[in-house]
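# For reference, the sequence and a predicted model appear below.
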Amino acid sequence: MAALASHRYRYPAASSRTGNTFGMQASLPAEDATDRPYLVGRLLQPRATADWLLTVAAIVRQRFFTPAAMRENLILLADPVVTVSRQWVRCEGFSSCCGVYARLDLGEAAIEATRRSFGTTNVDFGEAMRTALTQLRDGEEVDLQVGAEGVGLSSPSGTVVERRVELPLRWLRGFGEVQAVMAGLEPVGELAGREVLLWLRSLPRMRASGWLQPNGRSMRLSPTASSGGIRIGGAERLALLEPVARHATSMALFGMRGAAEAPFGVVLQRPGLHLTVVLSSAPWRGFSGEGALLRDLLRPVVPEVLAATQAALSWHQVGERPRDPEAARALARIALAGSAGFSLLDGNYFRRELPLPRAALADLQPRLVAAQELVAANAVRWQDKIAEVVSSGALYRVQRDADGEWTCTCPWFAKGRGEQGPCKHALAAEMTASEAHRG
């Protein structure tokens, strides 16, 4: 059974409808939450906003892969997180399998704000709310209000009923990991106009894995690997974008050139609206297990560097990619706490605060805990530049490869080849290595 964060959502009142106004209630992040809204404004593009918001909600409710052990105990997560900052209103979440990340960013061309401050809340998307969103039309007066208590939407129709959930810790881990994954992607192409819809329609509906190759003004998915090709695993997961691609004026593509397996991202764009969808490298892989932050969590962070990194990542400004190891370690801790997101289009981090209790690092990074236990048990012995690690009655050897990455003789590393971060034996070796051994 999946581990759960000890948190009970508290809604201030039942969602309701009065005339043409329906209020969507969201959970309170704290007992002393203020009733002053973060945002009061009017939607300038109701239909496109509703369709792309419904797409985020659909992805959050979707499970693209179901392990056999979970078929009797499915976990449904249907509560995207909404953040208000200086320029954007962001609605983000994960698929129930944690292998697809989705975020809708609404800018000033999408919302005319009469009041704007800063904050994050967790929003309920019940069936009635989704039905009401399908009825929005351009030209209607649609007012949006976001606050700690909830999100209100004034429109000609709609009814909302809130729900209460328990959030698995892997979802919180995913929020930390996916930011590091996204920061490692690079722009690999862009489609414009009708090519966006045609490309989405060209993707197979089952087992759509392959390599992107140029095809005139567009790109095609080929089963054959090519030098410098862009790998996509499980591209059929992008099918949810096809019905709403008509709103996009362009779509940017992001990947890793030449990687045998890698995440892949797209950003649908129109003035004032960005819909980001990032796929894990395979349908069966969730972002919560990627291990992208593990190396940066190994060593302590200088308090002054942590403070400077937090200051740079404020509600008023974005944070750049870290340029040195100290800043990277500081940002890893900020991301792990749910306080950092990443924009593929801008290439920068942004601040948000998940409305969840701060879980201990031990609960969020089991591999790191296992490595610490190995070190405490004196299970690591160094022979020149090779670490011998005794674990579960077996002896494993850890050393650097030609690229400077740790390799291990354990079955876990043999299966994944380090694609999901270092194993516990490599982490233990890193913790105990002298500078000579690290080189």
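Good, I have the coordinates.

# now the closest residue to I386 other than its chain neighbours: how far from E405?
Using CB to CB, 6 or more residues apart in numbering and skipping the chain neighbours, the partner closest in space to I386 is Q399 (4.7 Å). To be clear about C-beta, it is placed using only N, CA and C from the backbone, and glycine gets the same treatment. Distance from Q399 to E405, counting by CB to CB, to the nearest Å: 10 Å.

# So between those two, which is more surrounded?
More crowded of Q399 and E405, by other CB atoms under 10 Å: Q399, with 16 against 11.

# per-residue confidence for that one?
Reported pLDDT at Q399 in the predicted model: 90.

# same deal with the one 4 residues further on?
Here, the pLDDT recorded for D403 equals 73.

# Could you do the one 4 residues further on as well?
The per-residue pLDDT reported for T407 equals 89.

# who's in contact with the helix or strand harbouring it?
Using DSSP states H and E, T407 maps to strand 406-408. When contacts are defined by CB atoms under 8 Å, 6 or more residues apart in numbering, strand 406-408 is touched by residues 389, 396-401, 413, 418, 422-423, 425-426, 429-430.

# In the helix or strand encompassing the residue nearest to I386, which residues are buried?
Per DSSP H and E, Q399 falls inside strand 394-400. Of the residues in strand 394-400, 396, 398-400 count as buried by neighbour count, 16 or more other CB atoms under 10 Å.

# Stretch 306-314 now?
Under 16+ other CB under 10 Å, the buried positions of stretch 306-314 are 306, 309-310, 312-313.

# Could I get those in CSV, plus columns for secondary structure and pLDDT?
Shown next, in CSV, are those (DSSP: H, G, I helix; E, B strand; the rest coil; pLDDT from 0 to 100):
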residue, secondary structure, pLDDT
L306, helix, 81
T309, helix, 83
Q310, helix, 80
A312, helix, 81
L313, coil, 82
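
# re earlier: any buried residues in the helix or strand that the strand holding T407 is followed by, and which?
Using DSSP H and E, the helix or strand that follows strand 406-408 towards the C-terminus is helix 411-416. By neighbour count on 16+ other CB under 10 Å, the buried set for helix 411-416 is 412-413.

# And for stretch 373-388?
For stretch 373-388, using 16+ other CB under 10 Å, the buried residues are 374-375, 379-380, 387-388.

# Tell me which stretches of the stretch 201-350 of the chain form strands.
Along the stretch 201-350 of the chain, counting by DSSP state E, counting those that start in this stretch, strands occupy 210-215, 218-222, 230-232, 250-255, 264-270, 273-279, 340-343, 348-351.

# between those, which one is nearest to T409?
Among the strands of the stretch 201-350 of the chain, the nearest to T409 by CB to CB is strand 230-232 (26.8 Å).

# I'd like the average pLDDT over the closest one.
The average pLDDT for strand 230-232 rounds to 90.

# Going by contacts, tell me the helices and strands next to that strand.
With contacts taken as 3 or more CB pairs under 8 Å, 6 or more residues apart in numbering; DSSP states H and E, strand 230-232 sits against strand 210-215, strand 250-255, strand 264-270.

# quick one: strands adjacent to the first one?
I take that to be strand 210-215. Strand 210-215 sits in its sheet next to strand 218-222 (antiparallel), strand 230-232 (antiparallel), going by DSSP bridges.

# pLDDT on stretch 139-150, on average?
84.

# which one of the buried residues of stretch 306-314 sits closest to L268?
The closest of the buried residues of stretch 306-314 to L268 turns out to be L313 (CB to CB; 25.7 Å).

# can I assume that closest one is in contact with R321?
No: counting by CB atoms under 8 Å, L313 stays clear of R321, with 11.7 Å between them.

# list residues touching both of the two?
Y349.

# I'd guessed H316 sits against R86; true?
Yes: counting by CB under 8 Å, H316 does reach R86; the two are 5.4 Å apart.

# so where's the stretch 51-200 of the chain shaky on pLDDT?
65-79, 124, 128, 158-171 (pLDDT under 70).

# Which stretches in it count as helices?
Under the criterion DSSP state H, counting those that start in this stretch, helices of the stretch 51-200 of the chain are mapped to 127-134, 169-183, 194-202.

# To L279, which of these lies closest?
Ranking the helices of the stretch 51-200 of the chain by proximity to L279 (CB to CB) places helix 169-183 first, at 10.3 Å.

# name the helices or strands packed onto that closest one?
Packing partners of helix 169-183 (3+ CB pairs under 8 Å, 6+ apart): strand 89-94, strand 100-106, strand 273-279, helix 325-336, strand 340-343, helix 361-364.

# Quick one: mean pLDDT for stretch 367-384?
Here stretch 367-384 scores 89 as its mean pLDDT.

# Would you mind measuring the gap between the ends of that stretch?
Chord length of stretch 367-384, first to last residue, is 25 Å (CA to CA, to the nearest Å).

# Next: stretch 205-224.
Taking CA to CA, the first and last residues of stretch 205-224 lie 18 Å apart.

# same question for that stretch, mean pLDDT?
What stretch 205-224 shows for mean pLDDT is 82.

# hmm, who's touching that stretch?
Contact partners of stretch 205-224, identified using CB under 8 Å, 6+ apart, comprise 188-189, 191, 195, 198-199, 202-204, 225-226, 229-236, 239, 253, 255, 282.
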